[in-house]
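Enquirer: Could you work out the structure for the sequence below:
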Amino acid sequence: MDATLPSPLRAAAAGPYGLAVRLRNHAYSRGWVPLKHLPGPVISVGNLTLGGSGKTPLVAFLVQALLERGRRPAVLTRGYGRRGPRDPRILPPGVTPVRPEIEIGDEAALLRRRFPRIWMGISADRHAAGSAIAAEAPDSVFVLDDGFQHRRLHRDLDILVVDPTRPLAENRLFPLGTLREPFAGLQRAHLVVVNAPPHSPGAVRALAAVRSVAGDMPVFHCIQRIGSLVPYPEWRTGSASPPPAFRAAFLAAALGNPGRFRDDVERLGVQVRGSAFFRDHHRLGPRDWARCLAGARRGAADVVIVTEKDAVKISAPPDFPLLVACQAVEFPEEGAFLGAVVRALARA
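Expert: Numbering: from 1, shown residues only. Take a look at the predicted model:
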């Protein structure tokens, strides 16, 4: 269903979509549809809205935290945008596809790049993928990427990520708005992570919205920012190198929330001289790059900045200075947040 449809068509589609979502949720909530279980603990990270809210960086944060605590995390993800067979794709530690961005999708490829030594299961059927991994690694802790609406799988900790740059309580269901399901659905979560500094105006509004429907549910804050700008060749090889000196930049990205990306770049003090944003998960081709470079030259930009999610899909970089914005995740309440995760694992 296309959110760019004319308003009358979107209004006509909203009714059946909303009814289907409510009936599905009601069936699961009443226990009419049995849940499937995996033999190990399951942590789900998801959201209520379409587009980027910071789920995948939070998944990476959790995987790193589990590794540091001696656990064996295994990521389960749909692999959105991948091509080829739809059978579950199981990646044992140390195994990476030749073209991961094509074979398992851009977000899964990015996670694989960062964590090449963990188990990963890429499939729309997360239970099937998790069961296959559990047969080989029975002590796995499963981290479910974008799992809030994947209700068929039992989870021991349901984390809901809220992006304050998107409407919440006043939002509407897709395609009239960006909600995947009614806002009250957040009551299913075990805890909420607001992707903003604790006392920022957006975080305050988000907290009030959460409290209006979920009472005293635990709420934490994470700060996702650009930790570094790395020249593309060095990013590709994993070598360390400072970015070249530059005055202005052109942004090129295929994201669910490009406005957040632009804000993050500008917070670094970078002067943005133009941008070209594409639909989420799009892979930039030669025509796209020609458009971007024309815009960069027109705006007298010295560099083009892309996200890691875009960089992982580049096979032939453009003939222009290219920087990759590498994401960093911080938790002001890190001890309390990870304590909640550890307690959930102990109860599983």
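Enquirer: Could you list the domains of this protein?
Expert: Using automatic domain parsing, the domain ranges for the chain come out as 7-224+330-347, 225-328.
Enquirer: The shortest one - what's its average pLDDT?
Expert: Across domain 225-328, pLDDT averages out at 94.
Enquirer: Report how far apart the opening and closing residues of it are.
Expert: End-to-end distance for domain 225-328: 5 Å, by CA to CA, to the nearest Å.
Enquirer: What ranges does the stretch 1-150 of the chain have for its strands?
Expert: Counting by DSSP state E, counting those that start in this stretch, the stretch 1-150 of the chain has strands at residues 42-46, 72-77, 89-91, 119-122, 140-145.
Enquirer: And for Gly285, the neighbour number?
Expert: For Gly285, the neighbour count with other CB atoms under 10 Å is 9. In this view, the C-beta of every residue, glycine as well, is placed from N, C-alpha and C.
Enquirer: now it: how far from Phe278?
Expert: Gly285 sits at a distance of 10 Å from Phe278 (criterion: CB to CB, to the nearest Å).
Enquirer: Helices along the stretch 51-200 of the chain, start to end?
Expert: Remark: helices assigned in the stretch 51-200 of the chain by DSSP state H, counting those that start in this stretch are 55-68, 100-103, 106-114, 126-136.
Enquirer: Redo those as TSV? Include mean neighbour count, distance to His154 and mean pLDDT.
Expert: Shown next, in TSV, are these (neighbours: other CB atoms under 10 Å; distance: least, CB to CB, whole Å; pLDDT from 0 to 100):
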stretch	mean neighbour count	distance to His154	mean pLDDT
helix 55-68	20	18	96
helix 100-103	21	28	92
helix 106-114	23	22	95
helix 126-136	20	9	97
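Enquirer: Save those helices as TSV, and put in distance to Cys326 too.
Expert: Putting these into TSV (distance: least, CB to CB, whole Å) gives the following:
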stretch	distance to Cys326
helix 55-68	10
helix 100-103	17
helix 106-114	10
helix 126-136	28
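Enquirer: closest to Arg211 out of those helices?
Expert: helix 55-68 (21.2 Å; CB to CB).
Enquirer: Could you export the closest one as PDB, CA atoms only?
Expert: Taking C-alpha atoms only, helix 55-68 is exported to PDB below (Å, rounded to 0.1, in the frame of the first residue of the first chain):
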ATOM      1  CA  LYS A  55      15.700   0.000  16.100                       C
ATOM      2  CA  THR A  56      18.700  -1.500  14.400                       C
ATOM      3  CA  PRO A  57      21.300   0.700  16.300                       C
ATOM      4  CA  LEU A  58      19.600  -0.400  19.500                       C
ATOM      5  CA  VAL A  59      19.800  -4.100  18.400                       C
ATOM      6  CA  ALA A  60      23.500  -3.600  17.900                       C
ATOM      7  CA  PHE A  61      23.800  -2.000  21.300                       C
ATOM      8  CA  LEU A  62      22.100  -5.000  22.900                       C
ATOM      9  CA  VAL A  63      24.200  -7.500  21.000                       C
ATOM     10  CA  GLN A  64      27.400  -5.800  22.100                       C
ATOM     11  CA  ALA A  65      26.200  -5.700  25.700                       C
ATOM     12  CA  LEU A  66      25.300  -9.400  25.700                       C
ATOM     13  CA  LEU A  67      28.700 -10.300  24.200                       C
ATOM     14  CA  GLU A  68      30.400  -8.300  27.000                       C
END
